[in-house]
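# the following comprises the amino acid sequence and a computationally predicted model.
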Amino acid sequence: MNRRLEPDVTTVFIPTSLRHLFLSSSLIKELAEFGGDISEFVPANVVGPLKQRLTAGTPRP
């Protein structure tokens, strides 16, 4: 996209570590709904309550 906007500008991409990777909350919720391990993506105090809410059938916002 940058090249299309300005062909003479060079873009440098520096990938982040997984620790700083952006993940949408929707993706985390979907992973939890299907029984996936979300512990590496959310704080420890969020894992239990989030899984409880999702298994209780509370609709997602």
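On my side now, so go ahead.

# quick check: mean pLDDT across the helix ranked longest in the chain?
Identified as the longest helix of the chain according to DSSP state H is helix 44-55. For helix 44-55, mean pLDDT rounds to 88.

# what residues does that helix touch?
The contact list for helix 44-55 (Cβ atoms under 8 Å, 6 or more residues apart in numbering) reads 28-29, 32-33, 38-39, 42. Just so you know, the C-beta spots here come from the backbone N, C-alpha and C atoms, and that holds for glycine as well.

# mind running it again at 7 Å?
Under the criterion Cβ atoms under 7 Å, 6 or more residues apart in numbering, residues 29, 32-33, 38-39, 42 lie in contact with helix 44-55.

# kindly export that helix (C-alpha atoms) in CSV.
Listed next in CSV are the C-alpha coordinates belonging to helix 44-55 (Å, rounded to 0.1, in the frame of the first residue of the first chain):
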residue,chain,number,x,y,z
ALA,A,44,-4.1,-15.1,34.6
ASN,A,45,-7.0,-13.4,36.5
VAL,A,46,-9.0,-13.1,33.3
VAL,A,47,-8.8,-16.7,32.0
GLY,A,48,-11.3,-18.3,34.5
PRO,A,49,-13.9,-15.6,34.4
LEU,A,50,-13.8,-15.3,30.6
LYS,A,51,-14.2,-19.1,30.1
GLN,A,52,-17.1,-19.1,32.7
ARG,A,53,-18.9,-16.3,30.9
LEU,A,54,-18.5,-17.9,27.5
THR,A,55,-19.7,-21.4,28.7
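
# list the buried residues of stretch 21-36.
For stretch 21-36, the neighbour count (16 or more other Cβ atoms under 10 Å) marks 28-29, 32 as buried.

# export those to CSV and tack on distance to residue 6 and secondary structure?
As requested, the buried residues of stretch 21-36 are arranged in CSV below (distance: Cβ to Cβ, whole Å; DSSP: H, G, I helix; E, B strand; the rest coil):
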residue, distance to residue 6, secondary structure
28, 35, helix
29, 38, helix
32, 41, helix
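
# where does this structure dip in pLDDT?
The chain contains residues with pLDDT under 70 at 20, 58-61.
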